[in-house]
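Enquirer: I need the structure of the sequence given here:
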Amino acid sequence: MDDLKIIEHSTLKVPYEHLNKMYRNVQKSIDRDCSSINQTMSQIDKQTKTLSDLNQKAELIQSLSNLVEKLRLVKKRSMDLRNEEKEQLELIKKRVNNLKEHDSSDLIVRKNFQKNRLDRILIDYFLRNSFYKTAQILVEQSNLQQMTNLDIFLNEKEICDSLESHETQKCLNWCNENKSKLKKINSNLEFALRQQEFIELVRQQKCLDAVYHSRKYFVNLTPNQLIDVQKSMVLLAYVKYSDNQTSQELLSETRWQYLIDLFKQDNYKINQIPEQSALTTILQAGLSALKTPTCYKKVTAVHNHNCPVCNINFNQIAKPLPYAYCSNSKLIDSYTGEIINEHNQPMMLPNGYVYGFNALMKLMSENDGKIKCPRSHEIYDFSEAQKVFIL
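Expert: As a prediction, this is how the structure comes out:
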C-alpha cells in the first residue's frame, strides 16, 4: 500500500487541485454576478420611486428586461460551471475506483491494473521529456484518457513553444490565472518574464520604452529581485559592448531556456505534480536496493551478469545512488552468478581466485576436463582446487 501512496499521489491530487481551482473560480463568478444584479436592482428601485411619465416607464421596462436577460445568462453560466464540476468529480471517482483494483482478489483485474499503471508511468515520463505524440498514441491505445494528466502537459507544451519563440504573453496569462497559488509558493516567474521583456526592448534599442516598462512592472521587489533589476539597468549603458560579462549573461539565448525550466517547475508545484517522474523514482529505488561496491570494480570478471547495476547503462544511472543496506551478505559466483553455499561449495584455484563447485564443473565441461580460470586464463586440474571454509 505504501508504494501505491507514493507512486499514485499525483493521480488523485492533480484532479483534486483542479476541482479546487474550479470551485474558487465559480465562487468569484457568482460574487461578481450577484454584485452586478444588486446594482441593477438598486437602479430599478430608484427608477420606481421617481416614476412620473411614459418615458420613465419605458426606461423601467427596459431595465427590467435587461435584468431578466442578465439573470438568464447567470443561470446558464451557473449550469455550465456546475456540469464542469460534476465532470471533474466523476473523473476523481473513476480514478479512485481504478486504484482500488490494486489489491483486488481477482488475479485478472490485478494484472490489468499493473499493466495500466506501467503504461501510465511511461506516459508520464514521455510527457515530461516532451515526447507528446508518443504519449498521446499510448494513451489512445491503452484507453487511459481519464487516468492521465495529458491536458496539463499539452497546455504546458503550448506555453513552452511560445517561450521558445521568444513570446511571453501566453505565460503571463497563465501567471495571471494562477496568481494566488504562485504567490503562495513565492514564485519568481512573473518577474523573470517582465525582466526578459525589458531585456528584449533594450536589445531592440527601444531604451525609452524599456524605462517606462521598468517603472510599470519593477515595483514591490524582493532584495534578490532588486539586484537583478540593477543588473538589467546596466544594459541601458553597456548593451553595445558585447564583451561586458553582465551584458553577455543577460542577452544570452539560454535565458529563454531558463524561463521554460522555471515555468515547468512552477507548473508542477501548483498542480501537485512531483518534479521527478515516477519511472525515475522506481528505477532509482530498485537500483539502490541492488547496488554494491562490487558493481563498480574495474575487474569486469567479478561482475554478476544477472545484476542490473552491473549493466553498462544502469551502472551510470546508479552511480550517485547510495549502496544497498545488507544485514546478511551472500557470496555470488562471478562466473555463473549462482549463490555459493553448502550446495555449491566455494573452491579456490592455485592462483587464489575462488569459484563455486558448479562453476568448476562447467569450466571443465568446456575445456576437455581442464579448468581454465576466466580471469587469469591459467589452466589447472580439478585436483589442484581446494575447498574454502568461511566462518
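
Enquirer: Which phi and psi values does residue 63 adopt?
Expert: phi -60, psi -40 (degrees, to the nearest 10).

Enquirer: cool, the one 10 residues further on as well?
Expert: Note on residue 73: its backbone torsions stand at phi -60, psi -40 [degrees, to the nearest 10].

Enquirer: burial count for it?
Expert: Per other CB atoms under 10 Å, the neighbour tally for residue 73 reads 11. From N, CA and C alone the C-beta is placed, and that goes for glycine too.

Enquirer: What of residue 285?
Expert: Count around residue 285 with other CB under 10 Å applied: 12.

Enquirer: One more: residue 196?
Expert: Residue 196, neighbours per other CB under 10 Å, totals 20.

Enquirer: separation between it and residue 166?
Expert: Note on residue 196: its distance to residue 166, by CB to CB, to the nearest Å, is 9 Å.

Enquirer: where do the contact lists of the two overlap?
Expert: The contact sets of residue 196 and residue 166 overlap at residue 256 (CB atoms under 8 Å, 6 or more residues apart in numbering).

Enquirer: how about low-confidence regions in the protein?
Expert: 1-3, 51-56, 238-246, 298-304, 391 (pLDDT under 70).

Enquirer: so which helix or strand takes in the residue minimising distance to the centre of it?
Expert: Centroid-nearest residue in the chain: residue 275, 4.3 Å away (criterion: CA atoms, centre = their mean). Mapping residue 275 onto the secondary structure by DSSP states H and E places it in no helix or strand at all.

Enquirer: Quick check: chain neighbours aside, which residue is closest to it?
Expert: Spatial nearest neighbour of residue 275, excluding adjacent residues (CB to CB, 6 or more residues apart in numbering): residue 268 at 5.5 Å.

Enquirer: ok, the one you found to residue 166 distance?
Expert: Applying CB to CB to residue 268 and residue 166 gives a distance of 23 Å.

Enquirer: swap in residue 63?
Expert: The value you get for residue 63 to residue 166, if CB to CB is used, is 49 Å.

Enquirer: Could you check which of the two has the larger neighbour count?
Expert: When residue 63 is set against residue 166 and neighbours are counted by other CB under 10 Å, the residue ahead is residue 63, at 17 against 11.

Enquirer: The more buried one reaches residue 44, doesn't it?
Expert: Yes: Residue 63 lies in contact with residue 44 (CB atoms under 8 Å); the separation is 5.1 Å.

Enquirer: Could you break this structure into its assigned domains?
Expert: Listed domain ranges for the chain are 2-103, 150-270, 278-318, 330-391 (source: automatic domain parsing).

Enquirer: Residue 139 is nearest to which of these?
Expert: domain 150-270 (5.9 Å; CB to CB).

Enquirer: what about that closest one, distance to the chain center?
Expert: A distance of 22 Å separates the centroid of the chain from that of domain 150-270, by CA atoms, centre = their mean, to the nearest Å.

Enquirer: ends of that domain, how far apart?
Expert: 16 Å (CA to CA, to the nearest Å).

Enquirer: swap in stretch 155-171?
Expert: Termini of stretch 155-171 sit 10 Å apart (CA to CA).

Enquirer: Any chance you could list what contacts it?
Expert: Residues contacting stretch 155-171 (CB under 8 Å, 6+ apart): 130, 132, 174, 189, 193, 196-197, 200, 256, 259-260, 263-264, 267.

Enquirer: Enumerate the positions of that stretch that are buried.
Expert: For stretch 155-171, the neighbour count (16 or more other CB atoms under 10 Å) marks 156, 159-160, 162-163, 168, 170-171 as buried.

Enquirer: Check these and tell me the two furthest apart.
Expert: 156 and 168 (15.4 Å).

Enquirer: List phi and psi for residue 348.
Expert: Torsion angles, degrees, to the nearest 10, at residue 348: phi -110, psi 130.

Enquirer: in stretch 211-231, what's buried?
Expert: Buried-residue list, stretch 211-231, by 16+ other CB under 10 Å: 213-214, 217-218, 225, 228-229.

Enquirer: Extract the CA atoms of it and return them as PDB.
Expert: Listed in PDB are the C-alpha atoms of stretch 211-231, where the atom choice follows Å, rounded to 0.1, in the frame of the first residue of the first chain:
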ATOM      1  CA  VAL A 211      12.500  52.700 -18.900                       C
ATOM      2  CA  TYR A 212       8.700  53.000 -19.000                       C
ATOM      3  CA  HIS A 213       8.400  49.200 -18.700                       C
ATOM      4  CA  SER A 214      10.600  49.100 -15.700                       C
ATOM      5  CA  ARG A 215       8.600  51.900 -13.900                       C
ATOM      6  CA  LYS A 216       5.400  50.000 -14.500                       C
ATOM      7  CA  TYR A 217       6.400  46.500 -13.600                       C
ATOM      8  CA  PHE A 218       9.500  46.600 -11.400                       C
ATOM      9  CA  VAL A 219       7.700  47.600  -8.200                       C
ATOM     10  CA  ASN A 220       7.400  45.900  -4.700                       C
ATOM     11  CA  LEU A 221      10.600  43.900  -5.300                       C
ATOM     12  CA  THR A 222      12.300  41.500  -3.000                       C
ATOM     13  CA  PRO A 223      16.000  42.100  -2.300                       C
ATOM     14  CA  ASN A 224      17.100  39.400  -4.800                       C
ATOM     15  CA  GLN A 225      14.800  40.900  -7.500                       C
ATOM     16  CA  LEU A 226      16.200  44.300  -6.800                       C
ATOM     17  CA  ILE A 227      19.700  43.000  -7.500                       C
ATOM     18  CA  ASP A 228      18.500  41.500 -10.800                       C
ATOM     19  CA  VAL A 229      16.900  44.800 -11.800                       C
ATOM     20  CA  GLN A 230      20.100  46.700 -11.100                       C
ATOM     21  CA  LYS A 231      22.000  44.200 -13.400                       C
END
